[in-house]
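*Asks:* Whatever this is, show me its structure:
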Amino acid sequence: MRLKKVERKLPWSKRLLIAVLTVVNRSRVPDVARTMMYRADFFGKPYSTLLNKGLRGPSGWTVGEREMIAAFTSRQNACVY
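*Replies:* Okay, here's the model as predicted:
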């Protein structure tokens, strides 16, 4: 389900960025990226902080191993990001 506000209520600068990314990548910008741009203070920054801690924080696994786990999980869930 796509939220219409996320599609239409972004500032023009962010809509332009999405348009450029769509042309360059020849595919739709993932909805999670659009949501992060729409409510950056509410969702985008906290989500990015959490991801950064999980992928780059202290761990017994290397950064590469954590990236591979994330990529594998995304692939299993049919995620494009």
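*Asks:* can we go C-alpha only for contacts and neighbour counts from here?
*Replies:* Noted.
*Asks:* Report the buried residues of stretch 25-41.
*Replies:* 29, 31, 34, 35, 36, 37, 38 (16 or more other Cα atoms under 10 Å).
*Asks:* Tell me how far residue 3 lies from residue 30.
*Replies:* 13 Å (Cα to Cα, to the nearest Å).
*Asks:* nope, residue 7 is what I meant
*Replies:* Distance from residue 7 to residue 30, by Cα to Cα: 11 Å.
*Asks:* Next, please give the residue ranges for the helices of this protein.
*Replies:* Applying DSSP state H to the chain gives helices spanning 4-8, 12-25, 31-38, 45-56, 63-76.
*Asks:* Mean neighbour count, the ones you listed: which tops it?
*Replies:* Stretch with highest mean neighbour count among these: helix 31-38 (a mean of 17; mean count of other Cα atoms under 10 Å).
*Asks:* got the CA positions of that one in PDB?
*Replies:* Provided in PDB are the C-alpha atoms of helix 31-38 (Å, rounded to 0.1, in the frame of the first residue of the first chain):
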ATOM      1  CA  ASP A  31       8.900   3.700  -0.700                       C
ATOM      2  CA  VAL A  32      11.000   3.600   2.500                       C
ATOM      3  CA  ALA A  33      13.300   6.300   1.000                       C
ATOM      4  CA  ARG A  34      10.200   8.400   0.100                       C
ATOM      5  CA  THR A  35       8.900   8.000   3.700                       C
ATOM      6  CA  MET A  36      12.200   8.900   5.200                       C
ATOM      7  CA  MET A  37      12.100  12.100   3.100                       C
ATOM      8  CA  TYR A  38       8.500  12.900   3.900                       C
END
